[in-house]
Each structure stands twice: as structure tokens, then as C-alpha cells.
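Enquirer: When you get a sec, could you give me coordinates for this:
(chains A and B)
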Amino acid sequence: GNSVTQMEGPVTLSEEAFLTINCTYTATGYPSLFWYVQYPGEGLQLLLKATKADDKGSNKGFEATYRKETTSFHLEKGSVQVSDSAVYFCACVTGANSKLTFGKGITLSVRP
Amino acid sequence: EPEVTQTPSHQVTQMGQEVILRCVPISNHLYFYWYRQILGQKVEFLVSFYNNEISEKSEIFDDQFSVERPDGSNFTLKIRSTKLEDSAMYFCASSRGVNRPTETQYFGPGTRLLVL
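Expert: Numbering: from 1, shown residues only, chains lettered A, B, ... in the order given. As a prediction, the model looks like this:
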């Protein structure tokens, strides 16, 4: 089956710092890749996605590029804000039934 | 913007009791899902549901679990006889069912279940 590995957390950054959160996957076939974010007290929200190799997903200043050669989908943001403090989940899906496979999630805290 | 809602937000129950977790998916969505996250662990897929049938289920989804769409709006997860290890956050999700598997699944805020 599929699996997703995220870097260990938590991560604490100062405002305006550069962010990278690593994500690698193992999947059969050609997965679609997702980053979900969970703000405190809320559900999982899609942040961005990419559905084929070399696609770049982007939203709210975050970016991630689907790298088939390294089976990675690392999340980056050039300048984080306090409001970006949340838990970030990498996920993949293959096949017709759309079962999402998640990484463990990583907590990001951004201090002013 | 339409959203998935879940009730209750928190539930505490005694081991062996039945619980029903409720979800209202986005109204024009056709596929429904339950996931769970045990504290400190990954979000895990439980079951997907389409056209009033289970589409796929994981090995976690044993005979103690069932899902139902009792009317046109609700989607429920029942745990017949809860165990301590069922304590987790349970997330409901829905998707349009038009462009799977690349389409977005929209998640609710979750129900935190604690089994004592």
C-alpha cells in the first residue's frame, strides 16, 4: 500500500523566516499529492495539490513541486506569518477509490 | 462557502457502549468518507461510501463499525461496542465524485471520542 513520511516536528520559526517541510511518498502507480492544513480547533483544509510529475501546487504563498524522481512533495514558504501556525499534513492517493494516505503531520509554530 | 459539519464535537463514553457520530456532507457531493486519528498517530482511512454502499474499507473497519446515510443529508458512523483503543479524533469528509482520485476531499472539524 501507499505510505507518506514527513519530517519530525514540531517546528518553531520566527515571523518572516523561510519554511521547508519535507514529505516523501511510496505509492503504486501515479499518485496525486496533497498538503492539508489544520488550524487550531478546525478540520483539515486542502492547502494545495499536484496531480502529475513536475506539477507545482501553490496557495497562500505556499508551494510544493511533485518530484517523481525523488518521490517527494516538500512544502515551502518564503516568509511565514504567525497566522500560519497550524498542523500540516502531506497525503497521497492512487486508484479509483480515493483513499487518502496521510503522513503523521507536523506542528508549525510561528512566533512574532 | 459550503462546509462539512460534524456532531458532537466531543463525546465521552464507557467501554462497551454504542456511539453514533454524525456528519452532514456538502450537499452536492456524492462520495463520503470517515477517517480517524489516534492521538500522536497518523490520520487513517476507515471507509468510503457511495450510492448507499461501502465503496472501500480498511482493515480497521471491522464488524464493530457501520456507516449509514439515513436521510438525504446525514452520514453516520456507528461503533457498536466501543473499546479503549477506539479513542480518537474521527473526521468525516466528502467529495464531488466527478474527478476521482485527484479531486479534493473536504473535511469536517472532527469528533473527539474518548472511551473510558
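
Enquirer: Isn't A:Ser32 up against A:Leu48?
Expert: No - the pair A:Ser32 / A:Leu48 is not scored as a contact, 11.6 Å apart, by C-beta atoms under 8 Å. Quick note: C-beta positions are derived from backbone N, CA and C, even for glycine.

Enquirer: What is the burial count for the nearest residue to A:Arg111 once chain neighbours are set aside?
Expert: Spatial nearest neighbour of A:Arg111, chain neighbours left out: A:Ser14 (5.8 Å); criterion: C-beta to C-beta, 6 or more residues apart in numbering or on different chains. Using other C-beta atoms under 10 Å in any protein chain shown, A:Ser14 is surrounded by 10 other residues.

Enquirer: quick one: A:Ser14 from A:Glu76, how far?
Expert: 17 Å (C-beta to C-beta, to the nearest Å).

Enquirer: and the residue nearest to the spatial centre of chain B, bridged to which residues?
Expert: With distances taken as C-alpha atoms, centre = their mean, B:Trp34 lies nearest the centre of chain B, 2.9 Å away. Using DSSP bridges, the bridge partners assigned to B:Trp34 are B:Val47, B:Cys92.

Enquirer: Same question for A:Phe62.
Expert: Taking DSSP bridges, one obtains A:Asn59, A:Lys77 as the residues bridged to A:Phe62.

Enquirer: Quick check: bridge partners of the nearest residue to B:Arg36 once chain neighbours are set aside?
Expert: Leaving aside its sequence neighbours, B:Arg36 sits nearest to B:Ala88 (C-beta to C-beta, 6+ apart; 4.4 Å). Applying DSSP bridges to B:Ala88 gives these bridge partners: B:Leu113.

Enquirer: how about the residues of chain B that lie near chain A?
Expert: Taking C-beta under 8 Å from any C-beta of the partner chain as the contact definition, chain B meets chain A at B:4, B:6, B:31, B:33, B:35, B:41-45, B:48, B:55-56, B:58, B:91, B:93, B:95, B:100-110.

Enquirer: what sits against the residue nearest to the centre of chain B?
Expert: B:Leu21, B:Cys23, B:Leu46, B:Val47, B:Val67, B:Leu77, B:Tyr90, B:Phe91, B:Cys92, B:Ala93 (C-beta atoms under 8 Å, 6 or more residues apart in numbering or on different chains).

Enquirer: ok, the fourth one - how many residues close by?
Expert: Which is B:Val47. Neighbours of B:Val47 under the rule other C-beta under 10 Å: 20.
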